[in-house]
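In: Sequence first, predicted coordinates after that:
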Amino acid sequence: MNNDHIISSLNKELDDLESKIEELSNKYLDLKKENLLLKERQELEVSEKFKIREKNQKVQTKVEGIINRLRTLEYTQ
């Protein structure tokens, strides 16, 4: 092998490595963005879940109140 061929081969390997590093870097950035979006969505869902639980508790309290009033009416008749 002559020196030109070795240099050419090494340059090709370096170009390939550079390309792979660029690819990995882009993939990393994409995954980072996706992870951020997933975290935001998770926070939103946790917040929504909390609101739903609060609403369910309020509804349950109202229903229990209605049932108690109905029982009171039933016993007074």
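Out: Happy to help now that I have it. Numbers count the residues shown, from 1 in each chain.

In: Could you pull out the helices in this protein for me?
Out: 3-76 (DSSP state H).

In: Pass me the low-pLDDT residue ranges in it, would you?
Out: By pLDDT under 70, the low-scoring segments of the chain are 1.

In: ok, now with 50
Out: By pLDDT under 50, the chain has no low-scoring segment.

In: Residue nearest the middle of it, spatially speaking?
Out: Centroid-nearest residue in the chain: Leu38, 2.0 Å away (criterion: CA atoms, centre = their mean).

In: Ile66 versus that one, what's the distance?
Out: In this structure, Leu38 and Ile66 are 41 Å apart, going by CB to CB, to the nearest Å. For the C-beta atoms, the positions are set from N, CA and C on the backbone; glycine is no exception.

In: same question, Ile52
Out: Distance from Ile52 to Ile66, by CB to CB: 21 Å.

In: before we move on, what about Ser8?
Out: Ser8 is 86 Å from Ile66, by CB to CB.

In: can you check Glu34 too?
Out: The spacing between Glu34 and Ile66, counted by CB to CB, is 47 Å.

In: Ok, Ser9 next?
Out: Distance of Ser9 to Ile66, given as CB to CB: 84 Å.

In: ditto for Gln60
Out: Distance, Gln60 to Ile66, by CB to CB: 11 Å.

In: swap in Glu54?
Out: 19 Å.

In: do Asn3 as well
Out: Taking CB to CB, one finds Asn3 at 93 Å from Ile66.

In: ok, those two, which is more surrounded?
Out: Set side by side, Asn3 and Ile66 show more neighbours around Ile66, with 10 against 7, by other CB atoms under 10 Å.

In: Lovely, talk soon.
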